[in-house]
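Asks: Turn this into a structure:
(one chain, ligands or ions: 1)
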Amino acid sequence: MSEDAALDEALKAAHIPTLMLALVHLTGDAGHLKDAPPLVYEPLGDGQGSLPPAYQETIRAKARDAYLAHKGGRPLAANPPPATLRAMMDFIAGMPIPEHYVPFLLEELAMDGADPKRPAPIAPKLKARGRSLKVLIIGAGMSGLLSALRLKQAGIDFEIVEKNDDVGGTWLENLYPGCRVDNPSHMYSYSFEDNHVWPYLFSTQPVLLDYFRGVAKRHDLRAHVRFGTTVDEARFDEAANVWRVAVRTKDGKAETLVADAIVSAVGQLNQPRYPSEIEGFGAFKGPAFHSARWDHGVDLKGKNVAVIGTGASAFQFVPAIAPDVAHMTVFQRTPPWLSPTPDYHFPTSEGMNWLIRNMPFYDKWYRFWLFWMGTDGIYEAMKADPAWDGNPRAVSQLNDDMRTLFIELMKMQLADRPDLVEKVIPTYPLGGKRMVRDNGVWLEALKRDNVDLVTDKVARIAPDGVVTADGKLHKADVLIYGTGFKASSFLDTYKIYGRGGVELHEKWQGDARAYLGVSVPGFPNFFMLYGPNTNIVVNGSIIFFSECGVRYIVGCLDLLAESGAATMEVRKDVHDAFNARVDAQNARMAWGSPHVSSWYKNALGRVSQNWPFPNVEYWQATLNPNPDDFVLDGAKAKAAA
Ligand code: NAP
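Replies: This next block holds a predicted model:
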């Protein structure tokens, strides 16, 4: 195809609001933004901000001329001045963006093509003090690889220990049919990597595993990983100010590694939670496995399959396997909210990829748009209005309006099966639990002749099936647990002994808390990623959160180098005040509602998972560690060996 023809095809696929901003870069003229009809985004709208088709055509034609002129030699306009950039942000968001978002969003935009979160070198500071600093990263998943890259860029000595034989973490372990991410690919990706050609709008598990393998390879990180090595315990040696970490290889070889600091990047939703509370658990005689430990050796074709759970994992594997099995019984305790996402399984189009590759700044603004629309742009709908006295199944007028819309959409899908309506419509507020991306395949699967949705309580697991509270035996050949993860048991796979030999889990007593999800008093130079209260629920990509967390941790290491202190640990009063603020805000969110039980809450009923504030607040809080938040132990600064 000629370049002109490719351009014309691409323009047909363009996201027009994004194209309008690319046009500003091409021409230096932002006048068309002022004359444009206001963008109105609706949950089931065209994604184009409801711009009239004729207007869209005008923009395509202008963009075509401007792009060809640029290709013909006209240079790009200079980067827009701050006021214009601000107007561009407001325009594409379809609303005025609050002022304090501007620096945050500017960093996301990274207009100059640089990597704004790249750390400054720390090595020279260490050298000037004649010090060394060795960091042990635990885990080579998304966060561990990111930590490794940033430490490498800062010139800090590090090593990664990974229990698996490959990188990728959750994307290596979750191999169930239909597994894919529920964040758009252009957002569920590192900000500093080329973000061009994704095969799908929402990446599948194999695509993401390839991506993380590619990142590890491109940045030469694999050489730093000890694969197939499990951490059993980490113990802080107060006399030497180092961590001693007991590791074990698969063939049983034990070793103690020594490090000045630990970055724990062990993930959080990766320890399967089996429903051992159900009577008869373990009695089933046929193959039984968890979604995250999928047994691909079991041929499901023609089998009677029982599935317990209807969370995000079951939501994906049930539609994927339903056509193959003879019969499937899905046991649902609580229905999920379905967030309308018609393009959830769509491949990216050639046109979209062309624009992202070729149209100046299109990739940046497209990511920015996804970021805003999918994150803080919808946060407000999940916030509880303290004055709300309407529908008790909602937490605010906005939340209730969205609820009504979502229910209508579910009912439309069930026009031919009204018997399912009551079963699948949640009675808890929207946003109370993780919403799942709906393109229709879930309800289609439940409507199949060979699928039954059972909402009676599971009473017992029998050798040949599942017995419900009404005494009925639902016979099955295979039992699949879609019962989620031991989410509240943070860092559950190893013991961590801090000052005075205190073990972290014993300190937590089932109620994990940390400062900014990263550090805990009494555990010097120990930093966590995806720690307590850093999970985002409705709003955003965990990769963004990891990027913030890693920047903060590298900032902490910089503080150690700068100050000459051997150790740093967060002050208890700072930690406690932060947690009080988090708890108060979580109580004001849909997921904090007393009518909701979910894995966001621990056994004590406290929301230990969720970051309850807008994303911008985590970004701000993690820009730089405040030295006043920490006890810096300067007396014991360690001289280089
Ligand atoms: P989950 O959301 O915790 O779902 C577990 C399901 O099992 C729930 O429906 C739960 O019911 C049910 N369950 C648990 N114990 C039960 C019992 N004894 N009897 C009957 N039902 C029982 O787990 P998940 O689906 O694996 O997802 C976990 C998280 O992983 C997600 O929220 C998400 O953050 C992440 N994830 C993301 C994706 C994605 O990106 N698309 C995909 C998969 C997972 P209740 O609701 O009543 O507790």
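
Asks: Return the residues in contact with the residue of the stretch 401-550 of the chain found nearest the ligand.
Replies: Going by Cβ to the nearest ligand atom, the ligand is nearest to Gly484 of the stretch 401-550 of the chain, at 2.5 Å. C-beta coordinates here come from the backbone N, C-alpha and C atoms, glycine included. By Cβ atoms under 8 Å, 6 or more residues apart in numbering, the residues touching Gly484 are 269, 272-273, 309, 311, 313, 599.

Asks: repeat that for 6 Å
Replies: 273, 311, 599 (Cβ atoms under 6 Å, 6 or more residues apart in numbering).

Asks: And for Asn358?
Replies: Counting by Cβ under 6 Å, 6+ apart, Asn358 has no contacts.

Asks: Run a quick neighbour tally on the nearest residue to Ser203 once chain neighbours are set aside.
Replies: Nearest non-adjacent residue to Ser203, counting by Cβ to Cβ, 6 or more residues apart in numbering: Ser185, 4.6 Å away. By the other Cβ atoms under 10 Å criterion, the neighbourhood of Ser185 contains 22 residues.

Asks: element containing Ser185?
Replies: Assignment of secondary structure by DSSP states H and E places Ser185 within no helix or strand.

Asks: Would you check that it makes contact with Trp198?
Replies: Yes: shown here, Ser185 and Trp198 form a contact pair, counting by Cβ atoms under 6 Å, at 3.8 Å.

Asks: quick revisit: which ones among the contacts of Gly484 are found in helices?
Replies: Counting by DSSP state H, no part of the contacts of Gly484 is found in helices.

Asks: Please tell me how far Pro627 sits from Lys601.
Replies: Using Cβ to Cβ, to the nearest Å, one gets 34 Å for the distance from Pro627 to Lys601.

Asks: The two: which has the busier surroundings?
Replies: Lys601 (19 against 13).

Asks: show me the contacts for that one.
Replies: So Lys601 contacts Val607 (Cβ under 6 Å, 6+ apart).

Asks: got it, and Arg448?
Replies: The contact partners of Arg448, by Cβ under 6 Å, 6+ apart, come to Ala322.

Asks: if we go to 10 Å?
Replies: 318-319, 322-323, 325, 327-328 (Cβ atoms under 10 Å, 6 or more residues apart in numbering).

Asks: can you redo those as JSON lines with pLDDT and neighbour count?
Replies: As requested, these are exported to JSON lines (pLDDT from 0 to 100; neighbours: other Cβ atoms under 10 Å):
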{"residue": "Val318", "pLDDT": "98", "neighbour count": "27"}
{"residue": "Pro319", "pLDDT": "98", "neighbour count": "22"}
{"residue": "Ala322", "pLDDT": "98", "neighbour count": "22"}
{"residue": "Pro323", "pLDDT": "98", "neighbour count": "11"}
{"residue": "Val325", "pLDDT": "98", "neighbour count": "20"}
{"residue": "His327", "pLDDT": "98", "neighbour count": "19"}
{"residue": "Met328", "pLDDT": "98", "neighbour count": "26"}
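
Asks: And Ser597, how close does it get to Leu201?
Replies: Counting by Cβ to Cβ - Ser597 and Leu201 are separated by 32 Å.

Asks: before we move on, what about Pro392?
Replies: From Pro392 to Leu201 the distance is 36 Å (Cβ to Cβ).

Asks: and those two? which has more neighbours close in?
Replies: Higher neighbour count among Pro392 and Leu201: Leu201, with 19 against 11, using other Cβ under 10 Å.

Asks: Torsion angles phi and psi at that one?
Replies: phi -70, psi -30 (degrees, to the nearest 10).

Asks: Could you do Lys71 as well?
Replies: phi -60, psi -30.

Asks: my read: it touches Leu7, true?
Replies: Yes: at 8.9 Å, Lys71 and Leu7 qualify as touching, with contact defined as Cβ atoms under 10 Å.

Asks: of those two, who's got more company?
Replies: Leu7 (21 against 12).

Asks: what's that one in contact with, if anything?
Replies: Leu7 sits in contact with 1, 60, 63-64, 67-68, 71, 351, 354-355, 358-359, where contact means Cβ under 10 Å, 6+ apart.

Asks: gap between the longest helix seen in the chain and the chain center?
Replies: Counting by DSSP H, the longest helix found in the chain is helix 542-563. Between the centre of helix 542-563 and the centre of its chain there are 18 Å (Cα atoms, centre = their mean, to the nearest Å).
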